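K.L.:
I need the structure of the sequence given here:
(one chain, ligands or ions: 1)
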Amino acid sequence: MNHRGRFGVAGAALALALGSAACAPSTQSANSIPAADAGVQAAPSAGPAPAPKVELAISEASFVCIRDMTPVRGFFVASLTGNLDATLAVANSATGGVYPVGSVVQLVPGEAMVKREPGFSAVTKDWEFFELDATPAGTKIRVRGTTEAVNRFGGNCLSCHIKADPAFDLICEQTHGCDPIPITPVMSRAIQKTDPRCPPTELTAEEAEAMKALAAFMRPPAN
Ligand code: HEC
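P.N.:
Have a look, this model is predicted:
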């Protein structure tokens with residue numbers, strides 16, 4: 001909705017992509033960190049209580065070295081309910097589909113989408129958005145939420161992802177109609193390879209260049 005300029009938003013996406021990987025621009029916890037309940041999310045609230053349902057317990061332990069997840073084209077998926085095949089079936093479908101509950105989708109260590117229970121949030125198609133800090137010690141949840149979730153540069157997750165073709169359940173990639181972000185596939189790969197939770201791995205020269213470009217890009221961010 002807002003047209004904050006794709007640079008700003010892109011920088012945002014970028015920054016959080018990189019967040020921990022490269023320069024971690026002071027993650028002051030002052031911003032908007034409702035992570036007190038890292039464990040179980042409050043019940044879906046209001047409405048004519050439907051059938052009882054299992055509530056997904058999502059904690060910092062739910063997020064792991066991105067390369068331990070399952071690669072799909074440029075991004076990674078996992079399942080918190082042990083239903084990886086169902087998640088992969090949607091991820092690999094040329095015509096899209098609705099991701100099953102428990103699906104975790106990540107392009108970079110610093111951002112995740114988790115498919116919650118039906119009724120969790122109609123407007124986000126039951127996705128919960130996460131902004132994460134990945135460090136060698138593990139994962140910290142900086143922000144989690146639905147319509148209000150923003151990355152550390154103020155980019156609202158939903159405002160971008162809602163533009164995805166409805167067939168693809170808020171998944172943007174590069175071809176589903178979202179506004180493009182200037183994170184190239186090489187940059188994404190470099191960020192994935194420098195996830196501080198993963199064992200070190202070599203960057204190609206091209207990826208190393210991409211990391212430099214990202215760092216430069218991030219220099220003048222918010223604040
Ligand atoms: C500036 C718009 C923008 C913002 C803000 C944004 N994203 Fe994205 N996001 C994208 C685009 C575009 C892609 C696809 C990039 C690609 O594949 O090259 C993407 C990719 C992703 C993916 C991989 C799956 C997919 O949709 O391709 C996840 C997961 C994700 N973003 C989560 C988040 C979360 C969580 C937030 C907020 C904390 C967020 N994003 C904020 C635009 C945005």
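K.L.:
contacting residues for R197?
P.N.:
Applying CB atoms under 8 Å, 6 or more residues apart in numbering to R197 gives the contacts V64, C65, I66, P109, A134, T135, P136, G138, T139. For every residue, glycine as well, the C-beta is placed using N, CA and C.
K.L.:
JSON lines for these, including neighbour count and distance to P200?
P.N.:
Putting the contacts of R197 into JSON lines (neighbours: other CB atoms under 10 Å; distance: CB to CB, whole Å) gives the following:
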{"residue": "V64", "neighbour count": "20", "distance to P200": "16"}
{"residue": "C65", "neighbour count": "17", "distance to P200": "11"}
{"residue": "I66", "neighbour count": "25", "distance to P200": "14"}
{"residue": "P109", "neighbour count": "30", "distance to P200": "14"}
{"residue": "A134", "neighbour count": "24", "distance to P200": "14"}
{"residue": "T135", "neighbour count": "17", "distance to P200": "14"}
{"residue": "P136", "neighbour count": "9", "distance to P200": "10"}
{"residue": "G138", "neighbour count": "15", "distance to P200": "16"}
{"residue": "T139", "neighbour count": "25", "distance to P200": "18"}
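K.L.:
okay, and which of those residues map to strands?
P.N.:
In this view, these that belong to strands under DSSP state E are A134, T135, G138, T139.
K.L.:
pLDDT score for the first one?
P.N.:
On the pLDDT scale, A134 is placed at 97.
K.L.:
please apply the same query to P52.
P.N.:
pLDDT, P52: 54.
K.L.:
by contact count, what packs against the helix or strand E209 falls within?
P.N.:
Mapping E209 onto the secondary structure by DSSP states H and E places it in helix 205-218. Helices and strands touching helix 205-218, by 3 or more CB pairs under 8 Å, 6 or more residues apart in numbering; DSSP states H and E, are helix 6-18, helix 185-193.
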